[in-house]
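>>> generate coordinates for the sequence data below:
(one chain, ligands or ions: 1)
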Amino acid sequence: MSDILDVDFCRSQFPLLAQTEADAYFESAGGSYVPQQVIQAMSHFMRDSQTQPEWPFAAAKRGKAQIDKAQKGIAALFNINPDELVIGPSTTLNAYVLSHALRPGMADGDAIVVTNQDHEANGGCWRRLADTGIDVREWRIDPKTGDLDPADLTPLLADGKVKLVAFPHVSNIVGSINDVAAITRQAHQAGAMVVVDGVAAVAHTLPDLVALDVDFYMFSFYKLYGPHLAMLYGKKARIDAVANQNHFFHDGNGAAMLNPGGTNYESAGAIGGILDYLDTVHDHHFDTPSNDPRSRAVQVYTLFQQQEATVMARFLAWLEARPEIRLIGRRESDPARRAATFSLDIPGHSPEALAIALAERGLCVGAGHFYGRRCVEALGIDPEIGVLRVSMVHYSTVPEVDRLTNALDALLS
Ligand SMILES: Cc1ncc(COP(=O)(O)O)c(C=O)c1O
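The predicted structure is shown next:
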């Protein structure tokens with residue numbers, strides 16, 4: 001048993017990291033790399049069962065079995081039931097469909113709370129309901145820190161008209177971890193359901209969705225070492241109450257009502273590879289077997305978080321010596337308080353030009369507003385210019401951080 005993550009072992013599972021001369025990758029918040037287990041699972045599905053998975057013949061049965069196993073495993077990972085999840089094309093589309101599915105259950109004059117911390121995926125679709133008679137209220141970040149203060153939510157809920165609060169678990173710009181359980185309690189006490197965007201959270205923390213008591217929770221698998229596909233969780237009673245968005249004959253058909261167009265089957269099969277990867281990491285570090293995928297993954301995430309704390313601390317130590325750089329979000333390396341997603345506002349330097357110069361040095365960093373345009377604007381930053389975003393996950397290393405900060409020192413001097 002080992003209580004320190006073997007990062008080299010983890011990296012050896014990712015073809016893009018295992019190359020010698022690999023670029024140092026700091027854009028995992030945009031899309032993480034995929035381990036060989038995911039690539040193999042996708043390839044296996046296409047070789048073994050590339051057909052519609054509902055038929056009685058053998059290839060279809062094999063495909064269905066692969067998808068069902070993957071969905072069961074993913075459901076177990078988040079402590080939910082397989083019939084409470086929708087596997088759709090993207091979080092943006094899942095949220096869009098959900099907004100259409102929930103609107104008929106609301107009356108004109110009912111209210112929805114959105115934040116200006118969210119990625120537009122969990123904002124725009126709700127804000128558009130204003131055109132249909134919904135009162136849309138904005139829960140605003142502190143313009144200095146970028147944080148959301150639950151005390152500012154209280155007056156928005158006071159008149160009892162709010163039916164839904166949409167907010168992020170973690171903002172892809174600010175990086176702070178919002179207290180989902182507490183905010184959910186607050187919303188429920190006011191009679192509102194919650195829709196939580198977990199896209200920027202799930203590579204860093206593994207929420208127990210039942211314990212959090214959320215009504216809906218969304219994330220995209222391509223931020224979790226998987227393919228371009230997304231999960232929408234809804235409590236069973238909430239899903240059963242939506243207005244059907246699928247073909248008329250799917251009315252009353254549970255999660256299918258939220259999945260018009262169905263699922264990309266080969267990608268749905270590939271999701272199982274994420275679980276295989278977590279299991280591989282588990283078995284490399286722990287000799288105590290467990291039949292429960294969630295408890296195995298929780299052990300693995302504990303190691304992931306230690307590694308993230310290490311690289312975060314290294315990066316923050318560098319920032320201490322560069323007081324001219326504005327860091328958005330908490331100056332903390334505690335993985336319970338922030339994700340390893342750092343947005344920087346560097347006076348006198350274009351984030352885009354810096355990202356290009358870093359790319360020339362084999363350092364992959366993103367620049368812009370990352371579709372968190374309202375958030376960037378509320379922070380007083382021109383969204384057309386945006387921020388330089390440095391994001392890390394468990395496979396990031398201290399030498400990579402040093403490569404990046406040395407390059408930044410040279411470019412900023
Ligand atoms: C926090 C957050 N929410 C939502 C999305 C949108 O996800 P998708 O590309 O699956 O629509 C992203 C994508 O970057 C994101 O970072």
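
>>> what strand or helix carries the spatially closest residue to residue 116 that is not a sequence neighbour?
Using CB to CB, 6 or more residues apart in numbering and skipping residues adjacent in sequence, the residue nearest residue 116 is residue 374, 4.3 Å away. All C-beta atoms are positioned from the backbone trio N, CA, C, and that covers glycine. Using DSSP states H and E, residue 374 sits within helix 373-378.

>>> dump that helix to CSV, keeping only the CA atoms.
What follows is helix 373-378, C-alpha atoms only, in CSV (Å, rounded to 0.1, in the frame of the first residue of the first chain):
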residue,chain,number,x,y,z
ARG,A,373,-17.5,35.6,-20.1
ARG,A,374,-19.8,37.2,-17.5
CYS,A,375,-17.5,36.1,-14.7
VAL,A,376,-14.4,37.6,-16.4
GLU,A,377,-16.3,40.8,-17.1
ALA,A,378,-17.6,41.0,-13.4
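
>>> quick one: average pLDDT of it?
Summarised as a single mean, pLDDT over helix 373-378 is 98.

>>> just how off-centre is it within its chain?
Taking CA atoms, centre = their mean, to the nearest Å, one finds helix 373-378 lying 19 Å from the centre of the chain it belongs to.

>>> can you check stretch 178-185 too?
Distance, stretch centre to chain centre, for stretch 178-185: 17 Å (CA atoms, centre = their mean).

>>> quick check: residues of the stretch 201-350 of the chain near the ligand?
With CB under 6 Å from any ligand atom as the criterion, the stretch 201-350 of the chain comes near the ligand at residues 220, 230.

>>> residue in the stretch 201-350 of the chain nearest to the ligand?
Closest contact between the stretch 201-350 of the chain and the ligand, by CB to the nearest ligand atom, is at residue 220 (3.4 Å).

>>> contacting residues around that residue?
Residue 220 makes contact with 90-91, 199, 228-231, according to CB atoms under 8 Å, 6 or more residues apart in numbering.

>>> got it, and residue 78?
Under the criterion of CB under 8 Å, 6+ apart, the neighbours of residue 78 are 206-209, 217, 233, 294.

>>> show me how this structure divides into domains.
Domains of the chain are assigned by automatic domain parsing as 7-34+295-408, 40-273.

>>> packing partners for the worst-scoring helix or strand of the chain on mean pLDDT?
Scoring the helices and strands of the chain by mean pLDDT, DSSP states H and E places helix 15-18 at the bottom, with a mean of 93. When contacts are defined as 3 or more CB pairs under 8 Å, 6 or more residues apart in numbering; DSSP states H and E, helix 15-18 packs onto helix 7-12.

>>> show me what the helix it packs on is packed up against.
Helix 7-12 sits against helix 15-18, helix 272-285, with contacts defined as 3+ CB pairs under 8 Å, 6+ apart.

>>> so residue 344 is in which element?
Per DSSP H and E: residue 344 is located in strand 341-345.

>>> ok so, going back, just give me the neighbour total for the residue nearest to residue 116.
The criterion is other CB atoms under 10 Å. On that basis, residue 374 has 24 neighbouring residues.

>>> how about residue 46?
Residue 46 has 14 neighbours, counted by other CB under 10 Å.

>>> what about it, distance to residue 269?
Taking CB to CB, to the nearest Å as the measure, residue 46 falls 8 Å from residue 269.

>>> got it, and residue 117?
For residue 117, the distance to residue 269 - CB to CB - is 34 Å.

>>> could you do residue 321 as well?
Separation of residue 321 from residue 269 (CB to CB): 48 Å.

>>> please apply the same query to residue 78.
19 Å.

>>> also residue 109?
Using CB to CB, we find residue 109 at a distance of 45 Å from residue 269.

>>> and the two? Which one has more around it.
residue 269 (31 against 9).

>>> for beta bridges, what are the partners of the residue nearest to residue 330 when sequence neighbours are not counted?
Computed as CB to CB, 6+ apart, the closest residue to residue 330 that is not its neighbour in sequence is residue 338, at 4.7 Å. With DSSP bridges as the criterion, residue 338 is bridged to residue 176.

>>> check contacts around residue 338.
175-177, 312, 329-330, 332.

>>> at 6 Å instead, please
Taking CB atoms under 6 Å, 6 or more residues apart in numbering as the contact definition, residue 338 lies against 175-176, 330, 332.

>>> cool, residue 238 as well?
Shown in contact with residue 238 (CB under 6 Å, 6+ apart): residue 215.

>>> list the buried residues for whichever helix or strand it is part of?
Using DSSP H and E, residue 238 maps to helix 236-240. Within helix 236-240, the residues scored as buried using 16 or more other CB atoms under 10 Å are 238-239.

>>> same question, stretch 94-106
In stretch 94-106, counting by 16+ other CB under 10 Å, buried: 94-103, 106.

>>> could you check whether that stretch is close to the ligand?
No - against the ligand, stretch 94-106 shows no contacts by CB under 6 Å from any ligand atom, the least distance being 7.7 Å.
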